[in-house]
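Visitor: any chance you can model this:
(chains A and B)
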Protein chains: 2
Amino acid sequence: LQIMASKVADFVKKIGKVAEDDPRKVIHGIKVGIALTVVSLFYYARPLYDCVGGNSIWAVMTVVMVFEFTVGGCLYKGFNRAMATLCAAALAVGIHWIASKSGEELKPIILSASVFLLGSVATFSRFIPAVKARFEYGVIIFILTFSLVAVSGYRVDELLALAQQRASTVAIGICICVLVCILICPVWSGEGLHLLVSRNMEMIADSLEGMLLIELCAIKEGAATGNGSPSAKLQGYKCVLSAQASENSQANLAKWEPPHGHFGFRHPWSQYLKVGAAMRECACCMEALDGCTHSEPIQGPAYVKKNLGNACMRLGAGSSKVLKELAISLKSMRKSQKLGLLIEEMKDAVQEVRGALESFAVQLIVPPNSTSAEGATEEKQQSAVAAVSIKQLMETMPAITVA
Amino acid sequence: LQIMASKVADFVKKIGKVAEDDPRKVIHGIKVGIALTVVSLFYYARPLYDCVGGNSIWAVMTVVMVFEFTVGGCLYKGFNRAMATLCAAALAVGIHWIASKSGEELKPIILSASVFLLGSVATFSRFIPAVKARFEYGVIIFILTFSLVAVSGYRVDELLALAQQRASTVAIGICICVLVCILICPVWSGEGLHLLVSRNMEMIADSLEGMLLIELCAIKEGAATGNGSPSAKLQGYKCVLSAQASENSQANLAKWEPPHGHFGFRHPWSQYLKVGAAMRECACCMEALDGCTHSEPIQGPAYVKKNLGNACMRLGAGSSKVLKELAISLKSMRKSQKLGLLIEEMKDAVQEVRGALESFAVQLIVPPNSTSAEGATEEKQQSAVAAVSIKQLMETMPAITVA
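Guide: Okay, the predicted model is just below:
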């Protein structure tokens, strides 16, 4: 019993943590409750004793299915549902009409064949990337509505009256959803994407800084590279590696959202994906770099560490500063004044590391200490990728800043 | 008009490519068509002129919503739908009974309040990770069913009869789905995961091999590292980086599948995720290594390339062989005889590279050429991670092989 109790307590703690981390999730739950209550009140006004389920089904179903966490998701599903219902209903009524003209014998054959054909084709179309990204939900609703209308054995004139009723209830459901979603504490996909990307950039900068600090301690002590406890800050870059899926879905939904806040019409959402991809490359380098600091160092004389090590430190610090400045600039959507200067500093640091390495290679004075050399080449490369990403960022920044 | 025509042609080509790449997608479309036709035929047997939509709605809706690409997905949704419908219906009937006892005045208040409360709580519960992974669809259906029953203004005895009918139609829908899904060319999530993981491992090995080849050419020519065209083979590791989401979802669905083929009951699906994570670390190293081969090389004397370069080549080739052997062993689910030998070879190569680096560092004979040193440290690290992943793999292999 005690084990049970402790498990329940753990579970409750977890739930509390979810709520604490993002109170918007609690608000979302309340919003869904409100929307459902509004719909049900709408139908208490004239009770539906008359028919099984009747039309109230459609309004309730619409609210449950269409209401999403973000405004973009809600609009995407609402639009898809409305369009798919209309198209499928029109098509199904048309086929019913054709079938009814061709006599009682052929009718079930025509209807079954059309259900089979359209069901197959529509289901397959869900696998086409362009359809999947924008209309997947619509296709499901299309199949659903078409099959329902085709299966129901109504006459065409009955169908038209029915279609009108259903369309109006679906429309009511969608309106309630969209209104509640936008008016009560709206959650915007676009804003989420914006914050996610700029926070990820900060995380990489923080991780890089943390790593440098550990390295610095190791060099000062003249000891091997740090086996220090990996702090949470240091592991920040790992989130960046797994952020791709959520970036993609948020960018897809953000395209459905109307202008809001700082984000104008036709805000270049897809640019965020490019920035995200560049950051994932950075994070990959961080991962490699992290592997280096944890691997057993190759033995070598300690007296050469300073020369290369210092250059690396400056480079790492420079890269980190550039990333932080970029994150600030991205967050505020303003061009940074200091950025050009910082990038120049970083480039100088790259040249310095390069120079240090070459001097070791050519002049045969002192062999590079392998531990710091490892750090050096890695960091050089880190900076190279950072430079690449910065170039990409520089291309996207004006677009974002202007927009 | 010509532009239109060419666009349409492009689109058709894309569709053709989707179908060609995975014919199972076409078969899936046909399967959905078959399931829908079976359901509709079921209802043509006794036409439903009597009531608006009636119960046929539930069977058709169940087929459209529950039918998924993989058997795991289908079972997951079917189970969730069945359980959620039952729970929600029972709960709603219970609340209806309580409400009907408390008089006409209080009834709508109690019902609305319960819809609001359960809707909010259930929606929030979708954000709890444990619920999200296994019961998300069930929660949606729970909210839907509960709201529908609560909103409909039936008397309790009517509700019970209705509930029975609906449960039977939903059951028919789920049975048709599951039968069609399993009997006609089944697509198993587990098999997909198995293939995905072993193919990804092969891809990394191929990429590593391709990279070595380019490097080898560069060394033989005595030229800088290759700027050769990045072949498709070489870029294979990029797929591995973005495979996380699909691995997770497939592993989740695989847990719902019954034993099939080589996969027994309680096959350790979650181990595949660990292997996948280890491979993503490898792929990260590949990314860093790829960055090195593309970055401008640091100038250095050419006559030292052979010494370190050869050691690196052996190491890279060794790692690639180990990965290939592992992939074969994973695919066939047998313990490989050669694997131990190959790993020993690879470890020797690691020591060789280490030795070469240390000799440069300590003996001051020849400075490591920076280009190959870069390759060397990276590859060492690559191999270190490979070794780590291999250790992890070794732990998971017995489990998979035994299972």
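Visitor: CA only for contacts and neighbour counts going forward, please
Guide: Fine.
Visitor: the strands in the stretch 51-200 of chain A, which residues?
Guide: Shown for the stretch 51-200 of chain A, no strands are assigned by DSSP state E, counting those that start in this stretch.
Visitor: ok, which stretches of it are helices?
Guide: A:56-66, A:71-101, A:103-125, A:129-151, A:156-183, A:189-221 (DSSP state H, counting those that start in this stretch).
Visitor: worst mean pLDDT among these?
Guide: With a mean of 75, helix A:189-221 has the lowest mean pLDDT of the helices of the stretch 51-200 of chain A.
Visitor: so which elements touch whichever helix or strand comes after it?
Guide: Once the chain leaves helix A:189-221, the next helix or strand it forms, by DSSP states H and E, is helix A:237-241. Applying 3 or more Cα pairs under 8 Å, 6 or more residues apart in numbering or on different chains; DSSP states H and E, we find helix A:237-241 packed against helix A:189-221, helix A:269-294.
Visitor: buried residues, stretch A:172-181. List them.
Guide: Under the neighbour-count criterion of 16 or more other Cα atoms under 10 Å in any protein chain shown, stretch A:172-181 has A:172-174, A:176-178, A:180-181 buried.
Visitor: alpha carbons of it, as CSV, please.
Guide: Taking only C-alpha atoms (Å, rounded to 0.1, in the frame of the first residue of the first chain), the coordinates of stretch A:172-181 have been written out as CSV:
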residue,chain,number,x,y,z
ILE,A,172,-21.2,27.3,-35.0
GLY,A,173,-18.7,24.9,-33.5
ILE,A,174,-15.8,26.3,-35.4
CYS,A,175,-16.8,29.9,-34.5
ILE,A,176,-17.0,29.1,-30.8
CYS,A,177,-13.6,27.4,-31.0
VAL,A,178,-11.8,30.1,-32.8
LEU,A,179,-13.3,32.9,-30.6
VAL,A,180,-12.5,31.2,-27.3
CYS,A,181,-9.0,30.3,-28.6
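Visitor: still on that earlier bit, highest mean neighbour count out of the helices of the stretch 51-200 of chain A?
Guide: Among the helices of the stretch 51-200 of chain A, helix A:56-66 has the highest mean neighbour count (mean count of other Cα atoms under 10 Å in any protein chain shown), at a mean of 23.
Visitor: pull the contacting residues for A:Phe127.
Guide: A:Phe127 sits next to B:18, B:25 when contact means Cα atoms under 8 Å, 6 or more residues apart in numbering or on different chains.
Visitor: which residues touch stretch A:92-99?
Guide: The contact list for stretch A:92-99, computed with Cα under 8 Å, 6+ apart, reads A:106-108, A:110-111, A:114, A:146, A:149-150, A:156, A:159-160.
Visitor: distance to B:Lys324 for the residues you listed - can I get that in TSV?
Guide: Conversion of these to TSV gives the following (distance: Cα to Cα, whole Å):
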residue	distance to B:Lys324
A:Leu106	59
A:Lys107	58
A:Pro108	56
A:Ile110	54
A:Leu111	53
A:Ser114	49
A:Phe146	49
A:Val149	54
A:Ala150	53
A:Val156	63
A:Leu159	62
A:Leu160	63
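Visitor: near chain B too, which of those?
Guide: Under the cut-off given by Cα under 8 Å from any Cα of the partner chain, chain B has A:Pro108 from the contacts of stretch A:92-99 close to it.
Visitor: which of the contacts of stretch A:92-99 sit farthest apart?
Guide: Maximum pairwise distance among these (Cα to Cα): 22.0 Å, between A:Leu106 and A:Leu160.
Visitor: quick one: pLDDT of A:Ile365?
Guide: pLDDT for A:Ile365: 33.
Visitor: please apply the same query to A:Ala278.
Guide: Looking at A:Ala278, its pLDDT stands at 75.
Visitor: so what's the residue count around it?
Guide: Other residues within reach of A:Ala278, judged by other Cα atoms under 10 Å in any protein chain shown, total 20.
Visitor: and it, how close does it get to A:Val240?
Guide: Distance of A:Ala278 to A:Val240, computed by Cα to Cα, to the nearest Å: 11 Å.
Visitor: do you know how far the nearest residue to A:Phe146 once chain neighbours are set aside is from A:Ala163?
Guide: Distances taken as Cα to Cα, 6 or more residues apart in numbering or on different chains place A:Ala88 nearest to A:Phe146, at 4.9 Å, with adjacent residues excluded. Applying Cα to Cα, the value for A:Ala88 to A:Ala163 is 11 Å.
Visitor: what of A:Arg266?
Guide: On the measure of Cα to Cα, A:Arg266 and A:Ala163 end up 35 Å apart.
Visitor: again, but for A:Phe263
Guide: Separation of A:Phe263 from A:Ala163 (Cα to Cα): 38 Å.
Visitor: returning to what we had before: any chance of the buried residues of stretch A:172-181 in JSON lines, plus distance to A:Val12?
Guide: Output for the buried residues of stretch A:172-181, formatted as JSON lines (distance: Cα to Cα, whole Å):
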{"residue": "A:Ile172", "distance to A:Val12": "37"}
{"residue": "A:Gly173", "distance to A:Val12": "33"}
{"residue": "A:Ile174", "distance to A:Val12": "34"}
{"residue": "A:Ile176", "distance to A:Val12": "32"}
{"residue": "A:Cys177", "distance to A:Val12": "30"}
{"residue": "A:Val178", "distance to A:Val12": "32"}
{"residue": "A:Val180", "distance to A:Val12": "29"}
{"residue": "A:Cys181", "distance to A:Val12": "28"}
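Visitor: closest one of those residues to B:Val26?
Guide: Distances from B:Val26 to those, taken by Cα to Cα, are shortest for A:Ile174, at 32.8 Å.
Visitor: enumerate every residue touching A:Met61.
Guide: By Cα under 8 Å, 6+ apart, the contact list for A:Met61 reads B:144, B:148.
Visitor: for A:Phe263, phi and psi?
Guide: phi -100, psi 110 (degrees, to the nearest 10).
Visitor: meant to ask about A:His260
Guide: The phi/psi pair for A:His260 (degrees, to the nearest 10) is phi -160, psi 150.
Visitor: what number of residues lie near it?
Guide: A:His260 - counted by other Cα under 10 Å - has 11 other residues nearby.
Visitor: repeat that for A:Glu20.
Guide: 12.
Visitor: A:Val18 too?
Guide: 18.
Visitor: where's it, which helix or strand?
Guide: helix A:2-21.
Visitor: is chain B within reach of that helix?
Guide: Yes. Legend: contact between helix A:2-21 and chain B by Cα under 8 Å from any Cα is shown at A:14-15, A:18.
Visitor: could you list the buried residues of that helix?
Guide: Those would be A:15, A:18-19, for helix A:2-21 by 16+ other Cα under 10 Å.
Visitor: in CSV: the residues you listed, plus distance to B:Met201 and pLDDT.
Guide: Converted to CSV, the buried residues of helix A:2-21 look like this (distance: Cα to Cα, whole Å; pLDDT from 0 to 100):
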residue, distance to B:Met201, pLDDT
A:Ile15, 37, 83
A:Val18, 35, 80
A:Ala19, 39, 81
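Visitor: in JSON lines: these, plus distance to A:Cys74.
Guide: Listed next are those as JSON lines, based on distance: Cα to Cα, whole Å:
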{"residue": "A:Ile15", "distance to A:Cys74": "25"}
{"residue": "A:Val18", "distance to A:Cys74": "22"}
{"residue": "A:Ala19", "distance to A:Cys74": "22"}
